[in-house]
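J.: Based on what follows, work out the 3D shape:
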Amino acid sequence: MNKLFISFVFLGFLSTTLSAEMIVDIKVQGIQRVSADAIISISGLEIGSELTAEGIQKAIKQLYAGGLFENIDINAEKMGNGVKVNINVKEWPIVLKVSFKGNKKIKTKSLVEICQLKEFNVASESAIFDAVVKIRQAYEKEGFYMVNITPTITEEERRAKVKFTIEEGKKIKVKEVIVEGNYAFPDKKIRKLMKNRAKYWWPWSGKFNKTEFDEDPLRVINFYQSNGYPHCQLVSADIVPVGKGEWANLRVEISEGKPVYFGNISFEGNEFLKTENLKTRLKFKKGMLYSKDRLSKTLEEIYGIYSDYGYLYLSIDPCETLDSLSIQETVDVTFKIKEGIPARIHKIDIASNLATHDNVIRRELTIFPGEIFSRKKLIVSQRKIFNLGFFKNVTVDTRQASDSGDIDLILNIEEKAAGQASAGASYYPKYGIVGNLSLSTPNLRGMGEYLSISYEKGQSIENITLGYQKPWLFDSPMSLGFNVYKSTTAMSSYNLHKIGGNTTLGFQVPRLDYTKASVSYTLENVSLAGDTGNLTRWYLDQEGIRSMVGFGLVRDSRDNFLNPTTGSRNSCNVAFSGGIFGGDINYHKETFESVTYHRLFWRFVLGMRSKIGVINGYKSEDNVPVYEKFILGGIGDWGLRGYRDWEIGPRLNGEIVGGNFASLFTIEAKLAFDENMYPLIFFDAGNTWPDFKSTNLQNLKKGVGAGFRIEIPMMGLIGFDMGYGIDAVPRDWEFHLQMGRTF
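T.: Next up is the predicted model:
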């Protein structure tokens, strides 16, 4: 330990002097690296100032605080009409070299960085101690709780060689977690709250983490205090070695205290919202076990509903009154509310949009300057902007705009790359290897317009497509798009050729959030070629000019169309081909689809889809085109994973001809740990039948499996799935490659 020494002569001198003496000179001795002027400056002593015992003590503290000196001796001697102060110091040696012995689990290079004791640093006792602590913490983080670290210092000419000898020991493994003092909740429940778990049969279990063990008891206490036991306290938390080996038991003892229940619930100060309305937001009721979490969630709900009406300056004080005199200890809660005045929006600023015009963003807004702020409208606006598809992120900041409480909204935009161009080859289970060349601009001229041209060529497919879409026509919430195309696709027993185009007019449905309607017209020439075989009796009716009008209605409230975690997408599409619209091919087709997403816990998301399709002719003698009938299997709009493409459907003489009615159900559970990639597991079930009367939902083909989705720049969303067909003959695993979202 450092020794502080102040001359007894000097102390006696000061104690017998009637008044403090003036400093007439200051001398510094024993210095090697630090300048005398620096030491005098740090000490705070000055020539011409009065010398006191308090001043000497303060000078010593300040000099030691710098960590440069091993010993400090300050004394004074009489000189003329004052005193001469002598500051004698002994500097710590400096580090010449740092070495380690016995370290196997952590490399020397890493330990040098961890201990932060480098060449030419001061080799003080505190620096050495801090280095040992940091090394120990690093080992404990790796599970080596029994590590022993011994520092050795070899000094030559005030230069120190520091050597750390490390006995790593073995990683502690948790044999058992012992919980004591718990009566309200079983041991199994308490153990699940802790990050340190006992050893089980799987290899990575039973590892001890000291950092987590420091937090484990707090997790248990927080759980109790959030579930009706606010008086719960930690009694002890110990690591109990088992034998002389690497095993240890973790022992946690708690004192639960008496359970506490919610009592009477009341509201004060609420004028804008009625008490009955606020009660619907309660996450607890009288008689339930007291819970801080439920109380906090209730506050969030109340703040949320008020913010929907612009009350941003709302103040809520949940006053709790404990009644411990009754048999059952209760807490009465009174929400004391100060509503304030609603905030209006002064202006909306858009920031960081380098390529996109402000108007493209502003036209998606459902909240406007001059209106009372609404959190609900802001969330809708934010989601609509993000789902345009060419922004990485959209965040919102606010600032007060006036003394009356008006606010400004600042939309911070993070843009994606404006255009995509690619050339290469892809593998599709349906078509094999397909070469492709494409150019697309999802935000043409920064106006949100979409232009694309693509060409695909493979052994069984050839497509060329030119497409354009203007999302706002004449600055109104209507979109107009068109596609012209020529395609050849090899089906199971024939080749399908199409040449034509379509145009689509879409518009927002007034007063319905997230809802759009569309009308489209398609004109194309359709021909079939190849070995039609058993399809001869349909062949002539399925070729010719197709003139088709379609109507669509979709409500899409998904939070992210590439990786949804909440919301839903419900759609209805109806198509009328031929009939009063002319052409050679006559039928009507209806599809209905509902997809919902639910956040379960942490990053786990459950998605569910149901889809129904119906196709029929206008008259009983009309033949429905075989290429428009429903065939399930593989991937695509009617994909059923675990089965080959075009495998599920009615057959004629062994050939798939498709059905007039189809149903498909899908359940997916995914871990959305990144916005651009996620793993998933799935269950698909579906089938198709010749008509609605022959439908048998007990005869669904089922498939299960796992997959992975990743968004690749310049290519979009790509999926890899392995599916197992439960009802396939023969049963086997099928690999599926998906481009874009189908669910």
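J.: going forward, measure contacts between C-alpha atoms and count neighbours the same way
T.: OK.
J.: secondary structure class for I106?
T.: coil (DSSP: H, G, I helix; E, B strand; the rest coil).
J.: Now for it: which residues touch it?
T.: Y139 (CA atoms under 8 Å, 6 or more residues apart in numbering).
J.: how close does it get to L312?
T.: According to CA to CA, to the nearest Å, I106 stands 52 Å off from L312.
J.: A59 now?
T.: 53 Å.
J.: and S610, what does it touch?
T.: 593-595, 663-666.
J.: which residues are in contact with stretch 509-517?
T.: Taking CA under 8 Å, 6+ apart as the rule, stretch 509-517 contacts 380, 384, 506-508, 551-557.
J.: Can you tell me which of these is closest to E524?
T.: Closest approach to E524 among the contacts of stretch 509-517 (CA to CA): F551, at 17.7 Å.
J.: Name the SS class of the closest residue in space to R251 that isn't next to it in sequence, please.
T.: Among residues not flanking R251 along the chain, I178 sits closest, at 4.7 Å (CA to CA, 6 or more residues apart in numbering). When classified by three-state DSSP, I178 comes out as strand.
J.: just I361 next, same as before
T.: helix.
J.: I'd like to know how far it sits from S352.
T.: From I361 over to S352 (counting by CA to CA), the distance is 12 Å.
J.: Give me the more crowded residue out of the two.
T.: Applying other CA atoms under 10 Å to I361 and S352 shows that I361 carries more neighbours, namely 21 against 11.
J.: That one contacts N387, doesn't it?
T.: No. Judged on CA atoms under 8 Å, I361 makes no contact with N387 at a distance of 11.2 Å.
J.: now stretch 351-366: how far from the chain's centre is it?
T.: Chain-centre distance of stretch 351-366: 25 Å, with CA atoms, centre = their mean, to the nearest Å.
J.: where does E276 fall, helix, sheet strand or coil?
T.: helix.
J.: Could you report the pLDDT at it?
T.: On the pLDDT scale, E276 is placed at 93.
J.: Against which helices or strands is the helix or strand hosting K376 packed?
T.: In the assignment (DSSP states H and E), K376 maps to helix 375-386. Under the contact criterion of 3 or more CA pairs under 8 Å, 6 or more residues apart in numbering; DSSP states H and E, helix 375-386 touches strand 391-400.
J.: The helix or strand following the strand it packs on pairs with which strands, parallel or anti?
T.: Next helix or strand after strand 391-400 toward the C-terminus (DSSP H and E): strand 407-415. Sheet pairing for strand 407-415, assigned by DSSP bridges, gives strand 345-351 (parallel), strand 391-400 (antiparallel).
J.: And the contacts of strand 407-415?
T.: So strand 407-415 is in contact with 343-355, 390-401, going by CA under 8 Å, 6+ apart.
J.: same thing but at 7 Å, please
T.: 343-353, 390-401 (CA atoms under 7 Å, 6 or more residues apart in numbering).
J.: And these, which of them are buried?
T.: 343-346, 348, 350, 353, 390-391, 401 (16 or more other CA atoms under 10 Å).
J.: Between all of these, which two are separated the most?
T.: Going by CA to CA, the pair spanning these furthest: A343 and F390, at 31.3 Å.
J.: what about the helices in the stretch 1-150 of the chain?
T.: 8-16, 36-43, 53-65, 108-115, 125-141 (DSSP state H, counting those that start in this stretch).
J.: Residues contacting the second one, please?
T.: Translated: helix 36-43. So helix 36-43 is in contact with 28, 59-60, 62-63, going by CA under 7 Å, 6+ apart.
J.: what about it, average pLDDT?
T.: 86.
J.: Tell me which residues of it come out buried.
T.: For helix 36-43, by 16+ other CA under 10 Å, it's 36, 39-40, 42-43.
J.: got the angle for that helix vs helix 53-65?
T.: Put simply, helix 36-43 runs at 120 degrees to helix 53-65, going by axes from the mean of the first three to the mean of the last three CA atoms, to 10 degrees.
J.: Alpha carbons only: can I get helix 36-43 in CSV?
T.: What follows is helix 36-43 as a C-alpha-only set of coordinates in CSV (Å, rounded to 0.1, in the frame of the first residue of the first chain):
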residue,chain,number,x,y,z
ALA,A,36,8.4,20.0,-11.7
ASP,A,37,6.0,22.7,-13.1
ALA,A,38,3.3,20.0,-13.8
ILE,A,39,3.6,18.6,-10.3
ILE,A,40,3.3,22.1,-8.7
SER,A,41,0.3,22.9,-11.0
ILE,A,42,-1.4,19.7,-10.0
SER,A,43,-0.8,20.2,-6.3
